[in-house]
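>>> Just a sequence and a predicted model for now, questions to come.
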Amino acid sequence: MVVKSQLKFIKSLYQKKYRIQNGLFVAEGRKVVSELMNSKITAHSIYSTDPLFKAKSKVKVHYISEKDLSRLSFQKSPNKVLGIFEIPEAEDIDFSDWVVVLDAIQDPGNLGTIIRLCDWFGITHLICSPDTVDCYNPKVLQSTMGSIARVNIVYKDIVDLLEENKNVAFGTYMQGNSVYSANLPEKGLLILGNEGKGISEEVGLKLNAKNRLSIPQYGKKTTESLNVATATAIFLSEIRRGTRVTN
């Protein structure tokens with residue numbers, strides 16, 4: 001049975017300020033929790049309605065009722081397992097490969113999908129502007145489907161990044177050079193902007209105008225823009241088309 005103090009503590013972790021204060025975050029679902037438990041991220045405690053669910057680490061599994069899990073969960077239909085994990089220390093960015101940079105992405109689902117895309121395309125480092133949604137937001141975590149365990153995420157001022165880093169930075173815009181004909185290097189920075197406003201003017205001023213990339217539109221000019229996560233998939237596919245490493 002989940003006591004009142006446990007319930008209050010776990011529910012508090014759905015808010016960013018308490019995640020930061022405690023250095024912990026909540027993940028839900030058998031797949032996401034299992035992925036995190038098999039990663040370098042340290043498990044704090046696990047709650048499960050499935051008596052067959054076992055933790056491979058030494059962390060204790062608290063077996064609870066469906067009713068108690070519903071009280072703990074932010075989901076309408078909780079999926080058997082909820083885990084509390086320690087927020088890991090961000091690693092140093094390795095700029096020897098492509099790095100994705102996000103400028104003020106606000107939608108949790110978009111960030112989660114982009115993290116999953118980075119994992120799929122072998123992009124191991126992701127930089128987010130400070131005003132990008134928190135990567136440990138429960139909705140972000142759910143969208144990553146566990147990929148957050150394999151992508152190093154750093155929150156950093158993008159203007160400072162562009163001033164410090166010597167790799168070529170490419171900005172993604174509605175108008176720019178077609179990504180399908182661009183000569184892309186083996187490493188660089190791929191910057192994607194806010195869902196509504198795109199790349200901020202401040203960041204844009206730091207970019208070489210020649211390095212503006214776009215995805216050409218072939219259909220009727222009725223769709224204003226692509227979803228940022230969809231655009232990320234296309235850009236990363238084109239990047240890897242030229243830098244693909246066979247297994």
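Structure received. Residues are numbered from 1 along each chain as shown.

>>> Can you give the domain ranges for the protein?
Using automatic domain parsing, the domain parsing of the chain gives 4-86, 99-243.

>>> Lowest average pLDDT across these?
Ranked by mean pLDDT, the domains of the chain bottom out at domain 4-86, with a mean of 91.

>>> How far away from the center of its chain is that one?
In terms of C-alpha atoms, centre = their mean, to the nearest Å, the centre of domain 4-86 is found 19 Å from the chain centre.

>>> first vs last residue of that domain, how far apart are they?
End-to-end span of domain 4-86 (C-alpha to C-alpha, to the nearest Å): 22 Å.

>>> Kindly indicate whether the residue most central in space within the chain is helix, strand or coil.
Central residue of the chain (C-alpha atoms, centre = their mean): Ile115, 3.4 Å from the mean position. Secondary structure for Ile115, judged by DSSP: H, G, I helix; E, B strand; the rest coil, is helix.

>>> how about the helix or strand hosting Leu36: buried residues?
Assigned by DSSP states H and E, Leu36 falls within helix 30-37. Neighbour-count burial for helix 30-37, counted by 16 or more other C-beta atoms under 10 Å, picks out 32-37. Bear in mind the C-beta positions are built from the backbone N, C-alpha and C, glycine included.

>>> can I get the CA coordinates of that helix in CSV?
Output of helix 30-37 as CSV, limited to C-alpha atoms (Å, rounded to 0.1, in the frame of the first residue of the first chain):
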residue,chain,number,x,y,z
ARG,A,30,7.3,-1.4,-18.4
LYS,A,31,9.4,-0.6,-21.5
VAL,A,32,10.6,2.9,-20.4
VAL,A,33,11.4,1.7,-16.9
SER,A,34,13.1,-1.4,-18.1
GLU,A,35,15.3,0.6,-20.5
LEU,A,36,16.3,3.0,-17.8
MET,A,37,17.1,0.2,-15.4
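
>>> who's the closest residue to Cys135 other than its chain neighbours bridged to?
Sequence neighbours aside, Ile153 is the residue nearest to Cys135 in space, at 4.9 Å (criterion: C-beta to C-beta, 6 or more residues apart in numbering). Beta-bridge pairing for Ile153 (DSSP bridges): Leu126.

>>> which helix is the longest one in the chain?
As assigned by DSSP state H, the longest helix anywhere in the chain is helix 228-243.

>>> chain center to that one, what's the gap?
Counting by C-alpha atoms, centre = their mean, helix 228-243 comes out at 16 Å from the chain centroid.

>>> so what secondary structure elements neighbour that helix?
Contacts defined by 3 or more C-beta pairs under 8 Å, 6 or more residues apart in numbering; DSSP states H and E place helix 228-243 against helix 108-120, strand 189-192.
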